[in-house]
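Engineer: structure for the following, please:
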Amino acid sequence: MTDSFRGPGQGGAGIATNHGFIAAIVAVATIGGFMFGYDSGVINGTQKGLESAFDLGRLGIGVNVGAILVGSAIGAFGAGRLADAIGRRNVMMLSAVLFLVSAVLAGAANGSLVFILARIVGGLGVGAASVISPVYISEVTPASIRGRLSSVQQVMIITGLTGAFVANFVLARYAGGSTSEFWLGFPAWRWMFWLQAIPAAIYLLALLVIPESPRFLVAKGRDAEAHAVLTRLFGSAEADRKVVEIRNSLAADHHKPKLSDLRDKATGKIRPILWAGIGLAIFQQLVGINVVFYYGAVLWEAVGFTEDNALQINILSGVLSIAACLFTIATVDRIGRKPLLLVGSAGMAVTLAVVAYAFSTAVTDASGAVSLPGHNGMIALVAANLYVIFFNASWGPVMWVMLGEMFPNQIRGSGLAVSGFAQWIANAAISVSFPALAVSPGLTVTYFGYAFFAAVSFFFVKAMVNETRGRELEDMAG
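Structural biologist: Below is the predicted model of the structure:
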């Protein structure tokens with residue numbers, strides 16, 4: 001059904017928006033977020049299996065866990081430019097195929113090298129989905145609700161992570177442990193990867209029924225196709241206006257998008273908007289969130305929890321993350337992106353410092369078992385989950401919302417390519433270094449480091465980030 005609303009930047013004119021159609025295509029696009037989350041989170045709970053099957057030490061575990069991030073960085077960088085060449089939908093379809101191939105190969109890997117290659121392939125899909133899904137969503141939704149619909153991407157990322165945590169927990173519980181035999185003679189940890197093929201296949205099939213981004217179509221001179229898509233989204237009258245508006249925004253600097261557009265022609269310097277995008281992308285990782293997502297089970301076992309309890313804590317963190325994202329969906333178009341980022345930075349700095357303090361009290365008994373004395377185990381657990389809530393109510397969804405909407409049309413693909421690449425490089429640095437840092441200098445210093453970056457991110461947002469709430473994509477300045 002369609003109904004009329006008065007969108008910002010429209011001069012008060014009513015727009016007949018097909019909310020049902022928009023919701024349907026956003027739902028399909030955000031399956032990419034689910035796959036992003038699932039492919040990233042499935043590793044959490046498989047590490048004992050990898051260690052025993054491939055005879056890995058701490059460095060080996062870090063490399064095998066971090067392999068996906070190499071592919072993700074490449075995928076994110078290539079996807080933005082590729083999307084400008086072949087379209088947003090085609091890139092998402094390519095990522096679905098990569099997810100499917102990775103799931104099969106990772107579960108079947110007979111050695112560390114094959115496993116690493118399989119995870120790099122999956123990472124290409126993760127990187128592509130991480131930058132293209134938010135762009136696609138921002139390009140098919142009205143400005144007045146763009147933030148909340150783009151935030152659905154983070155809900156789906158966390159849902160994917162939680163889905164992986166639940167599947168891993170059930171498989172490990174049923175088999176008697178992640179390294180125990182489950183079905184057809186294969187250990188449970190291999191099935192943790194193979195299950196991923198199911199949502200990957202669903203994603204690929206669902207993408208066949210959604211349209212291409214109208215902004216990409218106009219950029220390619222396919223105005224009639226763009227008009228048809230915009231008519232289904234917003235009605236014929238708005239489609240007429242929107243095609244002209246998009247073409248005018250491109251005509252001001254009309255040439256094929258390229259990386260050199262990221263430099264200001266007048267000054268020869270990198271555009272400030274790109275530095276803002278890179279900063280948002282990097283700080284989202286420097287606060288250490290993926291240590292919780294990738295190493296949660298190992299982390300909690302390291303301070304005295306059992307494997308079963310650690311996997312249950314992962315599920316709790318996932319549920320709380322989804323609840324926090326739902327809060328963001330309800331508020332991001334009302335109070336704006338920048339206030340949420342500032343509150344999130346402050347909250348993460350405090351809660352990470354508390355986690356670091358709790359870990360500083362850890363004691364080791366005569367048998368070598370580690371535990372947190374008194375109430376410090378509960379303090380660490382509560383503070384860690386409050387940290388997860390602050391992240392997923394702010395930096396988790398809002399960073400992706402802003403990267404999808406903050407760049408002008410001409411440089412959106414290139415800006416996302418560079419920012420996405422920076423995000424995944426920072427992700428890799430944090431994730432691969434954690435196993436070694438957890439030993440020396442230790443969890444306390446490591447978590448105080450994440451708290452420091454959270455504090456710095458507060459001042460970065462105040463100085464560098466501009467509010468984008470309610471602004472049309474064609475009005476974004478570089």
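Engineer: all strands of this protein, in order?
Structural biologist: Defined through DSSP state E, the strands belonging to the chain, from first to last, are 3-6, 14-17, 181-183, 186-187, 363-364, 370-371.
Engineer: contacts for stretch 56-65?
Structural biologist: With CB atoms under 8 Å, 6 or more residues apart in numbering as the test, stretch 56-65 has contacts from 43, 47, 50-51, 54, 112, 115-116, 119, 294-295, 431-436, 439. Where C-beta positions appear, they are placed from N, C-alpha and C, glycine not excepted.
Engineer: kindly apply the preceding question to stretch 265-272 instead.
Structural biologist: For stretch 265-272, with CB under 8 Å, 6+ apart as the criterion, the contacting residues are 262-264, 411, 464, 478.
Engineer: so which of those is the most crowded?
Structural biologist: Neighbour counts for those were taken using other CB atoms under 10 Å; the highest belongs to residue 411, with 27 neighbours.
Engineer: doesn't residue 264 make contact with that residue?
Structural biologist: No - in this structure residue 411 lies outside contact range of residue 264 using CB atoms under 8 Å: 10.8 Å.
Engineer: centre of the chain to stretch 92-103, how far?
Structural biologist: For stretch 92-103, the distance from its own C-alpha centre to the chain's C-alpha centre is 16 Å (CA atoms, centre = their mean, to the nearest Å).
Engineer: then stretch 389-409?
Structural biologist: Relative to its parent chain, stretch 389-409 has a centroid offset of 10 Å by CA atoms, centre = their mean.
Engineer: ok, now stretch 239-250?
Structural biologist: Computed by CA atoms, centre = their mean, the chain-centroid distance of stretch 239-250 equals 30 Å.
Engineer: what does stretch 353-366 give?
Structural biologist: From the chain centre to the centre of stretch 353-366 is a distance of 30 Å (CA atoms, centre = their mean).
Engineer: next one: stretch 103-121
Structural biologist: 22 Å.
Engineer: quick check: end-to-end length of it?
Structural biologist: According to CA to CA, to the nearest Å, stretch 103-121 extends 9 Å from its N-terminal end residue to its C-terminal end residue.
Engineer: got the contact list for that stretch?
Structural biologist: 39, 43, 50, 54, 56, 60, 63-64, 67-68, 70-71, 98, 101-102, 122, 186, 190-197, 200.
Engineer: let's see it at 7 Å
Structural biologist: Around stretch 103-121, the neighbours that count as contacts under CB atoms under 7 Å, 6 or more residues apart in numbering are 54, 56, 60, 63-64, 67-68, 70-71, 98, 101-102, 122, 190-191, 193-194, 196-197, 200.
Engineer: which residues of the stretch 101-250 of the chain score low on pLDDT?
Structural biologist: Where the stretch 101-250 of the chain drops to pLDDT under 70, the residues are 143-144, 177-178, 249-250.
Engineer: quick one: the helices in the stretch 151-300 of the chain, in order.
Structural biologist: Listed in chain order, the helices of the stretch 151-300 of the chain (DSSP state H, counting those that start in this stretch) span 188-194, 197-207, 214-219, 223-234, 236-251, 272-286, 289-302.
Engineer: how about those helices in JSON lines, adding distance to residue 390 and mean neighbour count?
Structural biologist: Formatted as JSON lines, the helices of the stretch 151-300 of the chain follow (distance: least, CB to CB, whole Å; neighbours: other CB atoms under 10 Å):
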{"stretch": "helix 188-194", "distance to residue 390": "29", "mean neighbour count": "24"}
{"stretch": "helix 197-207", "distance to residue 390": "28", "mean neighbour count": "18"}
{"stretch": "helix 214-219", "distance to residue 390": "33", "mean neighbour count": "25"}
{"stretch": "helix 223-234", "distance to residue 390": "34", "mean neighbour count": "20"}
{"stretch": "helix 236-251", "distance to residue 390": "36", "mean neighbour count": "17"}
{"stretch": "helix 272-286", "distance to residue 390": "13", "mean neighbour count": "21"}
{"stretch": "helix 289-302", "distance to residue 390": "10", "mean neighbour count": "23"}
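Engineer: buried among the contacts of stretch 103-121? Make that a ChimeraX selection.
Structural biologist: Paste this into ChimeraX to select the buried members of the contacts of stretch 103-121, with burial taken from 16 or more other CB atoms under 10 Å:
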select :54,56,60,63,64,67,68,70,71,98,101,102,122,190,191,193,194,196,197,200
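Engineer: nearest to residue 350, of the helices of the stretch 151-300 of the chain?
Structural biologist: For these, the distance to residue 350 is smallest for helix 289-302, at 15.4 Å, taking CB to CB.
Engineer: follow-up on the earlier one: which of the strands of the chain comes out lowest on mean pLDDT?
Structural biologist: Lowest mean pLDDT within those: strand 3-6, at a mean of 35.
Engineer: hang on, the earlier thing: pull out the buried members of the contacts of stretch 56-65.
Structural biologist: Buried by 16+ other CB under 10 Å: 43, 47, 50-51, 54, 112, 115-116, 119, 294-295, 431-432, 434-435, out of the contacts of stretch 56-65.
Engineer: the residue most central in space within the chain and residue 319, how far apart?
Structural biologist: Residue closest to the mean C-alpha point of the chain, counted by CA atoms, centre = their mean, is residue 130 at 5.4 Å. Taking CB to CB, to the nearest Å as the measure, residue 130 and residue 319 are separated by 22 Å.
Engineer: give me phi/psi at residue 267?
Structural biologist: Torsion angles at residue 267 (phi, psi; degrees, to the nearest 10) stand at phi -100, psi -20.
Engineer: that one - how many residues pack around it?
Structural biologist: Neighbour number of residue 267 under other CB under 10 Å is 8.
Engineer: repeat for residue 373
Structural biologist: Using other CB under 10 Å, residue 373 has 10 other residues around it.
Engineer: go on, residue 330?
Structural biologist: Close neighbours of residue 330, defined as other CB under 10 Å, add up to 12.
Engineer: residue 23 versus that one, what's the distance?
Structural biologist: Distance of residue 330 to residue 23, computed by CB to CB: 16 Å.
Engineer: who touches the residue lying closest to residue 130 once chain neighbours are set aside in this structure?
Structural biologist: Counting by CB to CB, 6 or more residues apart in numbering, residue 130 lies nearest to residue 36, which is 5.4 Å off, once chain neighbours are set aside. Contact criterion CB under 7 Å, 6+ apart gives 126, 129-130, 157, 160 as the residues in contact with residue 36.
Engineer: now, which of these sits nearest residue 287?
Structural biologist: Comparing those against residue 287 with CB to CB picks out residue 157 as the nearest, at 15.8 Å.
Engineer: so that closest one touches residue 37, yeah?
Structural biologist: Yes - look at residue 157 against residue 37 with CB atoms under 7 Å: they come within range, at 4.0 Å.
Engineer: more crowded one of these two?
Structural biologist: Neighbour tally, residue 157 and residue 37, criterion other CB under 10 Å: the higher count belongs to residue 157, 32 against 29.
Engineer: for residue 403, see how far away the closest residue to residue 127 other than its chain neighbours is.
Structural biologist: Distances taken as CB to CB, 6+ apart place residue 75 nearest to residue 127, at 2.6 Å, with adjacent residues excluded. Separation of residue 75 from residue 403 (CB to CB): 15 Å.
Engineer: of these two, which one has the most company?
Structural biologist: Set side by side, residue 75 and residue 403 show unequal neighbour counts under other CB under 10 Å, the larger going to residue 75 at 32 against 28.
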